[in-house]
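Chemist: need a 3D model of the sequence below.
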Amino acid sequence: MGPETPTHTSGGPPDPAAGAGAGMSSEAEPSRNTGAPPAAGAMDPARGLPALPADGLEGVHRRLQALFPLGDLTRARTGLAFVDLPPAYVRPVLVHLRDREGFGHLVLLTAVDWLEAGQFQLTYLLCNRQAGLDLGLRVRLPREPASMESIHDLWPTAATYQRELREMFGIDFPGSPRLHEDFILEGWQGIPPYRRDFDTLKFAQEAFAQRPGRETWDPRTHMRQQLYPPADPNGGRPDSGGRD
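Modeler: Numbers count the residues shown, from 1 in each chain. The predicted structure follows:
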């Protein structure tokens with residue numbers, strides 16, 4: 001069950017169905033004004049690459065908001081920020097950032113399980129290496145059924161991330177290569193182990209034999225006893241046998 005393809009007005013980003021290489025037009029030309037910074041989406045004629053954004057992540061976000069329904073820019077540190085968007089707009093925004101804003105490197109694709117909200121959050125982190133900028137796109141999906149459009153055709157390395165997320169969280173990426181082959185867990189049965197409703201203790205008790213004579217310490221109680229041992233009733237130190 002893939003997300004609905006958004007409809008764009010004339011002059012917007014490429015249709016997501018056009019694929020990874022779509023989107024460059026004759027409008028993307030470098031500025032001819034002497035000393036002026038290149039326009040958004042302009043190409044560096046010396047390298048044949050998108051020119052550096054002259055106004056940082058704020059400018060990138062402003063241009064994206066003019067084309068797509070995005071949330072506010074959340075800064076994490078200098079050069080790193082995050083923005084929320086609907087699932088249907090992930091592909092066109094990724095294509096726009098890669099082809100028009102110079103974010104050519106997919107750093108990672110990861111997930112968070114918001115169990116109480118009944119949602120997964122996917123984060124696509126992109127990097128513009130020339131500008132030293134990182135931008136994360138965050139999208140929420142229903143936990144059941146959890147499905148998201150594959151982006152392996154935009155970045156082949158995404159297939160590896162998507163295999164891991166399917167195996168560990170149960171998120172489906174239809175069409176992604178080798179998605180249902182064992183990746184890390186061989187012969188795994190049952191709930192994916194990175195979901196927060198996976199019972200780690202129950203699994204360990206059922207899957208592994210307990211060694212005779214082995215004791216299990218509650219970490220909080222054990223550390224309290226080590227750091228704050230009970231006082232010796234004879235007035236000595238706890239490890240002195242009553243001697244001062």
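Chemist: which residue is the nearest non-sequential neighbour of residue 135?
Modeler: residue 126 (5.4 Å; C-beta to C-beta, 6 or more residues apart in numbering). Backbone N, C-alpha and C define where each C-beta goes, glycine included.
Chemist: mind checking how far that neighbour is from residue 84?
Modeler: 15 Å (C-beta to C-beta, to the nearest Å).
Chemist: got any ranges where this structure has weak pLDDT?
Modeler: Within the chain, the segments meeting pLDDT under 70 span 1-54, 232-244.
Chemist: all strands for it, in order.
Modeler: Ranges of strands in the chain, per DSSP state E, are 43-44, 49-50, 74-77, 80-84, 105-114, 119-128, 133-142.
Chemist: residues contacting the closest residue to residue 166 other than its chain neighbours?
Modeler: Closest residue to residue 166 apart from its sequence neighbours, by C-beta to C-beta, 6+ apart: residue 179 at 5.6 Å. In this structure, residue 179 makes contact with 159, 162, 163, 166, 172, 173, judged by C-beta atoms under 8 Å, 6 or more residues apart in numbering.
Chemist: can you do 10 Å?
Modeler: When contacts are counted by C-beta atoms under 10 Å, 6 or more residues apart in numbering, residue 179 touches 150, 152, 159, 162, 163, 165, 166, 167, 172, 173.
Chemist: more crowded one of residue 126 and residue 84?
Modeler: residue 126 (22 against 16; other C-beta atoms under 10 Å).
Chemist: how near is the residue nearest the centre of the chain to residue 210?
Modeler: Computing the C-alpha centroid of the chain and ranking residues by C-alpha atoms, centre = their mean puts residue 123 first, at 2.6 Å. Using C-beta to C-beta, residue 123 is found at 38 Å from residue 210.
Chemist: identify the bridge partners of the residue nearest to residue 135.
Modeler: residue 106, residue 135 (DSSP bridges).
Chemist: give me the neighbour count for residue 154.
Modeler: Residue 154, neighbours per other C-beta under 10 Å, totals 19.
Chemist: my read: it touches residue 93, true?
Modeler: No. Judged on C-beta atoms under 10 Å, residue 154 makes no contact with residue 93 at a distance of 11.2 Å.
Chemist: closest one to residue 196 among the strands of the chain?
Modeler: Residue 196 lies closest to strand 105-114 among the strands of the chain, at 4.6 Å (C-beta to C-beta).
Chemist: what is the closest one packed up against?
Modeler: In terms of contacts (3 or more C-beta pairs under 10 Å, 6 or more residues apart in numbering; DSSP states H and E), strand 105-114 is packed against helix 90-100, strand 119-128, strand 133-142, helix 158-169.
Chemist: could the ones you listed be laid out in TSV, adding distance to residue 205?
Modeler: Supplementary listing: those in TSV, determined by distance: least, C-beta to C-beta, whole Å:
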stretch	distance to residue 205
helix 90-100	40
strand 119-128	27
strand 133-142	31
helix 158-169	21
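Chemist: please identify the most buried of the ones you listed.
Modeler: helix 90-100 (a mean of 23; mean count of other C-beta atoms under 10 Å).
Chemist: what angle separates that one from helix 158-169?
Modeler: With axes from the mean of the first three to the mean of the last three C-alpha atoms, to 10 degrees defining the directions, helix 90-100 sits at 150 degrees from helix 158-169.
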